[in-house]
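> quick one: sequence plus predicted model below, questions after.
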Amino acid sequence: MFMNVSLQTSTADDAIFPRQSQCFRPAALLCKSLKRRGCFGRCGGFVGRFRRGVVPVSSSQMDASHKHVKADCEALLARFQQTQSVRFEVFANIWREMKFSQIFRGVVKHEKRAFCHLVLNTAYCYFLPPFSFQIRVGGLYLLYSLYYTQTASPSEQIHLALKDWEEVKKFENNAIDAQHMDAVYILRHLMFCKAFRFTAMPTLLCFQTNKVKERSVLREEFIERASRPQELISSGLLEEMSNVSDLYENMKASVLSQMTTPGDSSFNLIRKDLVSQLSGTVQEFYNWQREKETFDENENSQEDTSQKVCSNRAELLASIKSKAFGEAPETLKSRRHRRVEMNSTTEASAALLNQGYTRILKQSLRKRTRDALLLSGEFPTDFRLKHVRLTQTAGVSVVTRGLAAAEYVETFQRSLRSSIRFRCV
Amino acid sequence: MSLRAPLARKNMAESKQTPDANTGIPEYEYIDVNTKPFHVGSFRDEWLARLRPEDFSFQQEDEETFEANFAAEMGLGADTMAELKSACSIDSLRCHPEDEQLSMDDVPSNPRLKTLIQRKRKQERASSHNIHKNRHDFYADELERLTIGRPPEMGADRIPKGEVLLTINIYHPAVYEKFNFTRPCMTLLMTGSHTLTELRDAICCISDLQVCGEFSKTPDVAPDFISKDHFKSAFFFFEGVFYNDMRFPECQDISITTVEWAKAHNFPQYSQAKMEDTRFVDLKVKVGFPYLYCHQGECEHIIIITDVRLFHKTDCLDKNLYPLLTHKHRSLTQKCAVCHVFIARWYTTNDQFAPSDPCLFCDQCFRILHYDTEGNKLGQFFAFPYTDRGAFN
Ligand SMILES: [Zn+2]
Ligand SMILES: [Zn+2]
């Protein structure tokens, strides 16, 4: 019913400040021109056509700047990554060298707030997984620095999404464990200054389906290496599996003993050595991954491959105990914000690291390993305990997590069910 | 390798989705587009359960207390703490000498940051081509500028801490073939304790002001027939529920047709609720997802809740100022065909005085042209009151 109306249109402001020349032009003349342009719709619903294809300047400009802001942030973070440090002083050095504060200069007044939001939101992404711990520290420093150098007044806050809260807390705990006091202080300081808005999502969402593709590109070098198998097959999971397995075996034994007719004891759905096999496989994968890594590195640097010979267990212990996510020498050198007393194992691992094994211990693996890898050998007890605690809080969900685990659990359940049916018969 | 990777990925994806959909933790349904449905009240509770009261209070904590607490918790001595503080100082980010006064309004010369290079290029282009400035953008955040950072009022009118704030975009009726989401008609801030009727009353739409009928004989009585006062039924549609306005005796459940049609055609069942009994905290919604507001029987607006969050101390904390309008689209207006100055108020057809059929007139020109000094109708024509979309500018 609405016709294409292209009456001469102008904004309301023109009504208040009319252009002199246009006042009181003869009606006939005007209306002729109106007619020529083909006007008019129906009674009462006379709707001027919205100017098609007009994208608000600010939003299109923000889209364009997003690309550049992202590139600038990544350039800064890449340089930070090269230093293999997580110290704020190192970050601030790069910031100054790049004159990063200038990023806010020359923003038109009415775009200031939108631009500050864009910049903070861009930096926020690097503060979260899947980026490595070091990049996330860089992301945090970026947020802190941008927040305090921004030009919007009052300050634009960082949108912190509820779904990301847990990751932020985990990050904080990791940083505390590793005694990266500058990172912890800066995070707490932002919290203290109420720099965060506690939101549903990090940005305003308005169903803009066209913008999605460009944003989802992640920088490969910043992302942590895949270590899903280690993550999935945690010690907790294996513990639970072996419990379930025992339970099953007992049940099966009791069912068999209760049967009047001698049952078929060869009835076997589950392999006896399931748990140890599973952990063996993961161990194997882990070794393979590590060897490959060492091999690649040695190829590049033409170094003696005999380095590989060092014992896995010692290495692992070192990696667990050093708790340093950045490059080890760096964290050892600047121990300034650490507690003075360091336990002997850390010293031991430090010695190990200084013996030239450092390049094998890549930061991402180290963290992953510490968090999730299970080895069949013995663990330092505190590590084990931590795992038990972790898995306890995670509860039953651990069982249902993941691949092989899920498959195995399913098999367990199936056989349990069948054994119950067995009993009913 | 014995582990099957594709399966692993699939299972990971499944296990990441929270098993109970009723949580208050919003997750993306489509990244950067919209979330899955969540309950606004539980969302608030989830946040409050995670935060310390001082994190969301409107008071600023004392810096010394913060530092003392931090040092105590981390087991840092006074020296270490001082060292840490200076290492993390914001001064270390300064990119120019301390005494140098910088103007932040111009792009520095020879910038190296890509953002600045692009900005400089853009400014040069703008000045050489004299690019037309879009007035809409200039006024876009005018209201926001007025409302942001209002000093918190004390007393009973103050927003209680831990309250949720919703940002709601209301769009023009979708009468164009291709709907343009980019510029909302208006943006409102509402609190979690507002009811949907309060949202309804805050939405201004010209179809509420429209007057139906032909008034060429009695132009003076036209204002008595405003649609708003005659057709009071309306509904919101969120997540399969129609929320009907039933405040007045003449209100009808105008969603019933749709509900029954859906029932008869084996569609997913829709339910109904009362608009006036529903607060935002009671709602289950997707953030970023287009929902519907329908009034005047057929005037349908898209509604998008773009953000839900806890109140922050820099927000306007005066309860009485909500629902708070932060953005209002300035519509293009249709002018009078005679003077081309004032916004059109009358629409005529079969009009012997008009150069076109139909034709638009402002009230003054309309009366001068079509009536004598006593107000008697001259000649033959039909006149319909016309409400311009720019009426709310
Ligand atoms: Zn409407
Ligand atoms: Zn006029």
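The structure has been received and is ready for your questions. Residues are numbered from 1 along each chain as shown, chains lettered A, B, ... in the order given. Ligands and ions are numbered 1, 2, ... in the order given.
> quick one: the helices in the stretch 251-393 of chain B?
B:256-264, B:363-370 (DSSP state H, counting those that start in this stretch).
> of all those helices, which lies closest to residue A:154?
Closest approach to residue A:154 among those (Cβ to Cβ): helix B:363-370, 43.8 Å. All C-beta spots, glycine's among them, are computed from the backbone N, C-alpha and C.
> just the pLDDT at the closest residue to chain A within the stretch 151-300 of chain B, thanks.
The minimum distance from the stretch 151-300 of chain B to chain A, using Cβ to the nearest Cβ, falls at residue B:288 (2.7 Å). Predicted confidence (pLDDT) for residue B:288: 92.
> from memory it sits against residue B:33, does it?
Yes: using Cβ atoms under 8 Å, residue B:288 is in contact with residue B:33, at 6.0 Å.
> more neighbours: which of the two?
residue B:288 (26 against 18; other Cβ atoms under 10 Å in any protein chain shown).
> ok, that one - contacts?
By Cβ atoms under 8 Å, 6 or more residues apart in numbering or on different chains, the contact set of residue B:288 is A:201, A:205-207, B:33-35, B:304-306.
> can you rerun that using 7 Å?
A:205-207, B:33-35, B:304, B:306 (Cβ atoms under 7 Å, 6 or more residues apart in numbering or on different chains).
> rewinding a little: excluding covalently adjacent residues, which one is nearest to the residue of the stretch 151-300 of chain B closest to chain A?
With sequence-adjacent residues excluded and distances taken as Cβ to Cβ, 6 or more residues apart in numbering or on different chains, residue B:288 is closest to residue A:205, at 2.7 Å.
> again with residue A:277
Residue A:277 sits nearest to residue A:271 (Cβ to Cβ, 6+ apart), 6.8 Å away.
> returning to what we had before: tell me the secondary structure at the residue nearest to residue B:288.
coil (DSSP: H, G, I helix; E, B strand; the rest coil).
> what is the neighbour count of it?
So residue A:205, with other Cβ under 10 Å, has 25 neighbours.
> what's near enough to touch it?
Counted by Cβ under 7 Å, 6+ apart, residue A:205 has contacts B:33-34, B:287-288, B:306.
> equivalent analysis for residue B:371, please.
B:377-378.
> roughly how far apart are it and residue B:216?
Noted for residue B:371: a distance of 9 Å to residue B:216, by Cβ to Cβ, to the nearest Å.
> quick check: neighbours shared by those two?
With Cβ under 7 Å, 6+ apart as the test, residue B:371 and residue B:216 both reach residue B:377.
> only alpha carbons, please: show stretch A:90-107 as CSV.
Taking Å, rounded to 0.1, in the frame of the first residue of the first chain, the C-alpha atoms of stretch A:90-107 are listed here in CSV:
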residue,chain,number,x,y,z
VAL,A,90,58.5,-4.5,29.1
PHE,A,91,55.0,-3.9,27.8
ALA,A,92,55.2,-0.3,28.6
ASN,A,93,58.5,0.0,26.8
ILE,A,94,56.9,-1.3,23.6
TRP,A,95,53.9,0.9,24.2
ARG,A,96,56.1,4.0,24.4
GLU,A,97,58.2,3.0,21.4
MET,A,98,55.1,2.6,19.3
LYS,A,99,53.6,5.8,20.7
PHE,A,100,50.4,3.9,21.3
SER,A,101,48.7,6.6,23.3
GLN,A,102,48.4,8.5,20.1
ILE,A,103,45.7,6.0,18.9
PHE,A,104,43.1,8.3,20.5
ARG,A,105,44.3,11.4,18.8
GLY,A,106,42.2,13.1,16.1
VAL,A,107,39.0,11.2,16.9
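> is it positioned near chain B?
Yes: applying Cβ under 7 Å from any Cβ of the partner chain, one finds stretch A:90-107 touching chain B at A:92, A:95-96, A:98-106.
> in chain B, spot the strand with the most residues.
Longest strand in chain B, counting residues (DSSP state E): strand B:299-310.
> can I get that strand in PDB, CA atoms only?
This file holds the C-alpha atoms of strand B:299-310, laid out as PDB (Å, rounded to 0.1, in the frame of the first residue of the first chain):
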ATOM      1  CA  CYS B 299       1.800  -1.400  13.400                       C
ATOM      2  CA  GLU B 300       4.600  -3.700  14.000                       C
ATOM      3  CA  HIS B 301       8.000  -2.700  15.400                       C
ATOM      4  CA  ILE B 302      11.100  -4.700  15.700                       C
ATOM      5  CA  ILE B 303      12.500  -4.600  19.200                       C
ATOM      6  CA  ILE B 304      16.100  -5.700  20.000                       C
ATOM      7  CA  ILE B 305      17.500  -5.900  23.500                       C
ATOM      8  CA  THR B 306      21.100  -5.100  22.600                       C
ATOM      9  CA  ASP B 307      22.600  -5.300  26.100                       C
ATOM     10  CA  VAL B 308      21.800  -6.400  29.600                       C
ATOM     11  CA  ARG B 309      24.200  -5.600  32.400                       C
ATOM     12  CA  LEU B 310      24.500  -4.600  36.000                       C
END
